[in-house]
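**Student:** Here's my sequence, what's the structure:
(2 chains)
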Amino acid sequence: MADQQFDSALDLLRRLNPRDTKKNLNAINSIIPELQEDLLSSVDQPLEVRRCPQTNRDYLLCDYNRDGDSYRSPWSNEFDPPLEDGTVPSEKVRKLEVAANEAFDVYRELYYEGGVGSVYFWDLDDGFAGVVLLKKGVTPGSQSSGEWDSIHVFEATDRARSSHYKLTSTVILHLAKQSDALGDMDLSGNMTRQIEADLPVEQGDASHIANVGRLVEDMELKMRNLLQEVYFGKAKDVVGELRSLAPLSETNRDRAAQLEMIKSMQK
Amino acid sequence: MYTLCPVVLWTVVMLPRWVFSARSSPRGLPIVVSSSSSNSNSSPPPILHSAALLTCGMSTTIEHASAFIEGAPPGELADVVADVQALTSEEGDIIPSLAPAFERYNEAQLTTVKLPGSSQEVQFNKVEGNRYFDPESQTSFEIDHITQTASAAQSAPLESQNADLIKSLIKSLGVHAREHYPSCSYGVYPTENDSAVAILLVANRYSPNNFWNGRFRAIYQVPVSSSSTSINGNIHVDVHYYEDGNVSLNTTKPIALSVPSISAESIISRIATAERDYQEELNRAFVAMAEGTFKGLRRQLPITRQKVEWEKVGGYRLGQDISGGKGR
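**Tutor:** Numbering: from 1, shown residues only, chains lettered A, B, ... in the order given. As a prediction, this is how the structure comes out:
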């Protein structure tokens, strides 16, 4: 029963307006509190930003740097509000995490030219896992706005001279535009993709950073193209399916003439 | 020829006494059209709020479930209902308690149903309670909002001082609809104590096998007093795409037009122009979003046109040239 309810909750959230995911998640949790933990770790929501009191740098909040009501800053490794015994990565994995944050900070600047990023790692029995978060909002003119949230969760499992990487990536993209001629237009949502790869680890930790970096970089390029296609191609095409700008009688006449021509050529 | 144009069916349309009282959809979009008729024995139907039906324990669940129903995207009401049933199975069958939410969904989304004994689908035009009216066939019928079915048809005469205008509008609207909406239904109804007419059009395209559904709604009101020459209303476009994700387009465009005269031809002609202008504006907005906002969020490639040289960034820089150009 619980499994079926969990699937139904995910199906519902996939159907209802993606702008309302947070509100709908809270509603489902109030109906079935038992699903809350599983849903919170399976449903991606726009990331919240917090400032690290130690370093004065912004970082992103997610389920993976949360312990109770506190969140761990990737810059200081400290929890806010402070925790005596908050869960932190092992020394080795924290070292990797620091390096990954440095590397993805460069990546963020090159691709996003702003925004906020955070990388969190944690230990696994046979490797490690992590999440790469990137967020940027823009308001070009007061009448339009956009917000991008990338959430890349991966596991790296040790193999002989390589590692097996499994990456699940979600991009949440909200766009809105308003004007007298247009009225209100909201184009929002999220898309998720997965990939697995075996990659050599010949330079130790440096290889891990490079492997994860390339996987995320390639995935984001793919997803950016996909989002572009769905948001500005597919959605626009469906509007065209609902309403034809050209009179249908002309379209039908042209189509009939075309069929006629094809038929006569086949004779 | 008719078989090629399913829309032809829609030239037979319903005239309502009561159209819908002004309401908001769950996404807060304003929905127009309020009405009352000159017919004496009908009074406005009470608007049911789910809150009025609630007892304390179930109240929150019914409130949330109602919001889910009203938020169902085009063509996916049955899927949302199935999810709601699974999520509330421990409470017994709560679906009957959600009838007011189904009613609000059906009226806001311009749901169409088939008349008993006919293959025609008609829009909702409320008389009172769950009874709706089809002036063309001079019948009224009961709607089951949950199953979206019609029954108990009765003969019911239409009385409107604007009957001639309404008939001409239906004709002109039909010509316009067939030219631009491959699959749609529409109606023209007396409203506001018979002092105005409401013009409604809804076009649905569902393609669940390809994970997309869409709905176009246009709702206009035209006051028919001697001096007035205005058309007011809203166009809503909702598109849902949900293959490996959930992407939603929701638009609302308020329409305010003036017409040279209250004639069917001039009214429909102004509406046709406004709808065309809006679709063109919407198409331009897709391009502007893609070229502007979207590009401003994330570059396709860094300004150097080079991908990141991961071996050279971060705390684990390797000896300069060992892997810089090696690629994957």
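**Student:** Could you list the buried residues of whichever helix or strand A:Leu60 is part of?
**Tutor:** Using DSSP states H and E, A:Leu60 sits in strand A:58-61. Of the residues in strand A:58-61, A:58-61 count as buried by neighbour count, 16 or more other Cβ atoms under 10 Å in any protein chain shown. Where you see a C-beta, it was placed from the backbone N, CA and C, and this is true even at glycine.
**Student:** Quickly name whichever of those residues is closest to chain B.
**Tutor:** A:Leu60 (15.5 Å; Cβ to the nearest Cβ).
**Student:** Give me the longest strand you can find in chain B.
**Tutor:** strand B:245-258 (DSSP state E).
**Student:** Which strands or helices does that one pack on?
**Tutor:** Judged by 3 or more Cβ pairs under 8 Å, 6 or more residues apart in numbering or on different chains; DSSP states H and E, strand B:245-258 is in contact with helix A:2-15, strand A:183-200, helix A:235-242, strand B:230-241, helix B:264-289.
**Student:** Please compute how far the third one lies from its chain's middle.
**Tutor:** In terms of Cα atoms, centre = their mean, to the nearest Å, the centre of helix A:235-242 is set 25 Å apart from its chain centre.
**Student:** Share the number of residues neighbouring B:Pro100, please.
**Tutor:** Per other Cβ atoms under 10 Å in any protein chain shown, the neighbour tally for B:Pro100 reads 20.
**Student:** Equivalent analysis for A:Leu182, please.
**Tutor:** Neighbour count for A:Leu182, taken as other Cβ under 10 Å: 19.
**Student:** Quick check: phi and psi on it?
**Tutor:** Main-chain dihedrals, A:Leu182, degrees, to the nearest 10: phi -90, psi -30.
**Student:** phi, psi of residue 140?
**Tutor:** Looking at chain A here, since you left the chain open. Dihedral pair for A:Pro140: phi -70, psi 100, per degrees, to the nearest 10.
**Student:** try again with chain B
**Tutor:** B:Ser140 adopts backbone torsions of phi -120, psi 160, taken as degrees, to the nearest 10.
**Student:** List the beta-bridge partners for it.
**Tutor:** Counting by DSSP bridges, B:Ser140 is bridged to B:Phe133, B:Gln154.
**Student:** Relative to A:Tyr107, which of the helices and strands packed on strand B:245-258 is closest?
**Tutor:** A:Tyr107 sits nearest to strand A:183-200 of all those, at 17.5 Å, using Cβ to Cβ.
**Student:** The helix or strand that that closest one is followed by: which residues count as buried?
**Tutor:** Remark: after strand A:183-200, the chain's next helix or strand is helix A:205-228, criterion DSSP H and E. Of all the residues in helix A:205-228, those buried under the rule 16+ other Cβ under 10 Å are A:205-217, A:219-220, A:223-224, A:227.
**Student:** I'd like the mean pLDDT over helix A:205-228, please.
**Tutor:** The average pLDDT within helix A:205-228 is 96.
**Student:** which ones among the buried residues of helix A:205-228 come in contact with chain B?
**Tutor:** Among the buried residues of helix A:205-228, the residues lying close to chain B (Cβ under 8 Å from any Cβ of the partner chain) are A:205-206, A:209-210, A:213-214, A:217, A:220, A:224, A:227.
**Student:** can I get those residues in CSV with distance to B:Met289?
**Tutor:** Shown next, in CSV, are those (distance: Cβ to Cβ, whole Å):
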residue, distance to B:Met289
A:Asp205, 41
A:Ala206, 40
A:Ile209, 34
A:Ala210, 34
A:Gly213, 29
A:Arg214, 29
A:Glu217, 24
A:Glu220, 19
A:Arg224, 14
A:Leu227, 11
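**Student:** Looking at the longest strand of chain B now, give me its mean pLDDT.
**Tutor:** Strand B:245-258 comes out with an average pLDDT of 97.
**Student:** now it: how far from the chain's centre is it?
**Tutor:** 10 Å.
**Student:** Put the alpha carbons of that strand into CSV.
**Tutor:** What follows is strand B:245-258, C-alpha atoms only, in CSV (Å, rounded to 0.1, in the frame of the first residue of the first chain):
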residue,chain,number,x,y,z
GLY,B,245,9.6,15.6,-16.4
ASN,B,246,6.8,18.1,-15.9
VAL,B,247,6.7,21.2,-18.0
SER,B,248,3.7,23.5,-18.0
LEU,B,249,2.7,26.5,-20.0
ASN,B,250,0.0,28.7,-18.5
THR,B,251,-1.1,31.9,-20.0
THR,B,252,-3.9,34.5,-19.4
LYS,B,253,-4.5,37.3,-21.8
PRO,B,254,-7.2,39.8,-20.8
ILE,B,255,-9.2,41.0,-23.8
ALA,B,256,-10.9,44.4,-24.0
LEU,B,257,-12.3,45.3,-27.5
SER,B,258,-14.7,47.8,-28.9
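**Student:** for B:Asn209, helix, strand, or coil?
**Tutor:** Secondary structure assignment for B:Asn209 (DSSP: H, G, I helix; E, B strand; the rest coil): helix.
**Student:** swap that for A:Gly137, please
**Tutor:** A:Gly137 - assigned by three-state DSSP - is strand.
**Student:** which residues does the nearest residue to it once chain neighbours are set aside contact?
**Tutor:** Using Cβ to Cβ, 6 or more residues apart in numbering or on different chains and skipping residues adjacent in sequence, the residue nearest A:Gly137 is A:Glu147, 4.5 Å away. By Cβ atoms under 8 Å, 6 or more residues apart in numbering or on different chains, A:Glu147 lies in contact with A:46, A:135-138, A:172-175, B:297.
**Student:** Please name the nearest non-neighbouring residue to A:Val212.
**Tutor:** Per Cβ to Cβ, 6+ apart, closest to A:Val212 is A:Phe154, 6.2 Å.
**Student:** And B:Gly92, its phi and psi?
**Tutor:** phi 80, psi -170.
**Student:** quick one: the residue nearest to A:Gly137 is in a strand?
**Tutor:** Yes: A:Glu147 sits within a strand when classified using three-state DSSP.
**Student:** Run through the bridge partners of A:Leu199.
**Tutor:** The partner residues for A:Leu199, given DSSP bridges, come to A:Ser163.
**Student:** which stretches of the chain aren't confidently modelled?
**Tutor:** Picking chain A for this. A:1, A:267 (pLDDT under 70).
**Student:** my bad, the chain I had in mind was chain B
**Tutor:** B:1-57, B:117-124, B:135-137, B:226, B:228, B:314-328.
**Student:** hey, where'd the helices end up in it?
**Tutor:** Taking DSSP state H, the helices of chain B run over residues B:56-70, B:77-87, B:99-108, B:163-180, B:264-289, B:295-297.
**Student:** wait, B:Asp218 sits on B:Ile271?
**Tutor:** To be clear, residue B:218 is Ala; Asp isn't right here. Yes: in this structure, B:Ala218 is within contact of B:Ile271 by Cβ atoms under 8 Å, at 7.5 Å.
**Student:** got any residues that touch both of those two?
**Tutor:** In contact with both B:Ala218 and B:Ile271: B:199, B:255, using Cβ under 8 Å, 6+ apart.
**Student:** Output the contacting helices and strands for the strand holding A:Leu60.
**Tutor:** Counting by 3+ Cβ pairs under 8 Å, 6+ apart, strand A:58-61 packs on strand A:48-51, strand A:116-124.
**Student:** Which one of the ones you listed lies nearest to chain B?
**Tutor:** strand A:116-124 (10.2 Å).
**Student:** Pull out the buried residues from that closest one.
**Tutor:** Neighbour-count burial for strand A:116-124 [16+ other Cβ under 10 Å]: A:116-122.
**Student:** Who are the packing partners of it?
**Tutor:** strand A:58-61, helix A:91-112, strand A:127-138, strand A:144-158.
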